[in-house]
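In: When you get a sec, could you give me coordinates for this:
(chains A, B and C)
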Amino acid sequence: MTLTKARLITIITERVLRSEIITMLKEKGATGYTETEATGEGSRGIRASDWAGRNVKIQTIVSDKVAEAIMENIAENYFENYAVIVYLRDVEVMRGDKYFTT
Amino acid sequence: MTLTKARLITIITERVLRSEIITMLKEKGATGYTETEATGEGSRGIRASDWAGRNVKIQTIVSDKVAEAIMENIAENYFENYAVIVYLRDVEVMRGDKYFTT
Amino acid sequence: MTLTKARLITIITERVLRSEIITMLKEKGATGYTETEATGEGSRGIRASDWAGRNVKIQTIVSDKVAEAIMENIAENYFENYAVIVYLRDVEVMRGDKYFTT
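Out: Down below sits the predicted model:
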């Protein structure tokens, strides 16, 4: 069994940002993503019940380079004005070619 | 891009414990959390369908020290009498100050 | 607090495979699992909306050896004909005996 190291990015955000973040992920090189519904409460004191709908948790498996591009884009465009949580971790995948465009 | 190491705790538990666990997380120093609905089956042979409602998966990103306090609280208070799964892993975050109260 | 290293496997797949994958997990030695609903889009160009129902994300915590048996089973039986994402990562758990049958 051959496992390849990859990076799993998790983004938890307001539902209103869902489609533009997915578009950005693809532009940066992600070949897929998974989304699940989520609620929660963050350091900005924003509760899910105050929001226009539930939050969304978007996850994508990408190369190191693509991960960096995505993280930077989120930092630049969303951190100031939106409730966004983003974190990165290492995972091991089979069929690494599914996730890497290069 | 500056990434900070942090600990992501995942707690999967009976819905009845939801609010007291969230209260405990905050008391121990968590600045936020995310929750999603979950079902499942565990080593105690308890199936989701036998429970009073679905399970809940609660995740929080904290410092090492806060993670330890939370894990210990769960071990002391819930492991004996409740179906609780809890696990810990390392993640990398931007804006570490969002998650750490100290 | 004693933490044990374990492997967390995440499987994201078409709902139609749900029960046979859960059966396989148990046969290979998993003592439990958690499932959540998910949607998404993958490298095969299959969108959730084209599918017969939503996807399912199944997670289980197992030993290294059981993880390998599960990953190999998925590679052999599902990768060719189904939209399956599977990845592995290290986690730290309390009460390791809950997850390991040996």
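
In: Flag every residue of chain A that's near chain C.
Out: Taking Cβ under 8 Å from any Cβ of the partner chain as the contact definition, chain A meets chain C at A:1, A:3, A:6, A:8, A:22, A:31-37, A:61, A:89-95, A:98-99. Quick note: C-beta positions are derived from backbone N, CA and C, even for glycine.

In: Give me the buried subset of these.
Out: A:6, A:8, A:22, A:31-37, A:61, A:89-94, A:98-99 (16 or more other Cβ atoms under 10 Å in any protein chain shown).

In: So which of the residues you listed are in helices?
Out: If you go by DSSP state H, these have residue A:22 in helices.

In: Restricted to strands, list the buried ones among the residues of chain A next to chain C.
Out: Among those, the members falling in strands (DSSP state E) are A:6, A:8, A:33-37, A:61, A:89-93.

In: Return the residues in contact with the residue nearest to residue A:33 when sequence neighbours are not counted.
Out: Leaving aside its chain neighbours, residue A:33 sits nearest to residue A:60 (4.3 Å; criterion: Cβ to Cβ, 6 or more residues apart in numbering or on different chains). Residues in contact with residue A:60 (Cβ atoms under 8 Å, 6 or more residues apart in numbering or on different chains) are A:8, A:9, A:25, A:30, A:32, A:33, A:34, A:70.

In: run the last query once more with 7 Å
Out: Applying Cβ atoms under 7 Å, 6 or more residues apart in numbering or on different chains, we find residue A:60 in contact with A:9, A:25, A:30, A:32, A:33.

In: how about JSON lines for these, with pLDDT and distance to residue A:77 added?
Out: Output for those, formatted as JSON lines (pLDDT from 0 to 100; distance: Cβ to Cβ, whole Å):
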{"residue": "A:9", "pLDDT": "97", "distance to residue A:77": "15"}
{"residue": "A:25", "pLDDT": "97", "distance to residue A:77": "13"}
{"residue": "A:30", "pLDDT": "95", "distance to residue A:77": "16"}
{"residue": "A:32", "pLDDT": "91", "distance to residue A:77": "22"}
{"residue": "A:33", "pLDDT": "93", "distance to residue A:77": "17"}
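
In: Quick check: residue A:12 touching residue A:38?
Out: Yes. When contacts are counted by Cβ atoms under 7 Å, residue A:12 is listed as touching residue A:38 (5.8 Å).

In: Common neighbours of those two, please.
Out: Common neighbours of residue A:12 and residue A:38 (Cβ under 7 Å, 6+ apart) are A:55, A:57, B:34.

In: and which of these is nearest chain C?
Out: Among these, residue A:57 lies closest to chain C (Cβ to the nearest Cβ), at 9.2 Å.

In: Counting by contacts, list what the longest helix along chain A packs against.
Out: For chain A, the helix that runs over the most residues, judged by DSSP H, is helix A:64-77. Applying 3 or more Cβ pairs under 7 Å, 6 or more residues apart in numbering or on different chains; DSSP states H and E, we find helix A:64-77 packed against strand A:4-14, helix A:18-28, strand A:84-93.

In: what's the offset of it from the middle of its chain?
Out: 10 Å (Cα atoms, centre = their mean, to the nearest Å).

In: mean confidence score for it?
Out: Averaged across helix A:64-77, pLDDT comes to 94.

In: Am I right that residue A:2 sits in a strand?
Out: No. When classified by DSSP: H, G, I helix; E, B strand; the rest coil, residue A:2 is found to be coil rather than part of a strand.

In: Spatially nearest residue to it (excluding sequence neighbours)?
Out: Distances taken as Cβ to Cβ, 6+ apart put residue A:94 closest to residue A:2, at 6.9 Å, once the chain neighbours are dropped.

In: Next up, the contacts around the one you found.
Out: Residue A:94 makes contacts with A:1, A:2, A:3, C:71, C:75, C:86, as judged by Cβ under 7 Å, 6+ apart.

In: In these, find the pair that's most separated.
Out: Farthest apart among the contacts of residue A:94 by Cβ to Cβ are A:2 and C:86. That separation is 13.1 Å.

In: Tell me which of these two has more neighbours.
Out: residue C:86 (22 against 9; other Cβ atoms under 10 Å in any protein chain shown).

In: Could you verify my assumption that the more buried one touches residue C:73?
Out: No. Applying Cβ under 7 Å, one finds residue C:86 not in contact with residue C:73, separated by 10.1 Å.

In: that older thread, bridged to the residue nearest to residue A:33, which residues?
Out: residue A:9 (DSSP bridges).

In: from the chain's centre, how far out does stretch A:18-29 sit?
Out: For stretch A:18-29, the distance to the chain centre is 9 Å (Cα atoms, centre = their mean).

In: can you tell me if that stretch touches chain B.
Out: No. Using Cβ under 7 Å from any Cβ of the partner chain, stretch A:18-29 never reaches chain B; the gap is at least 13.3 Å.
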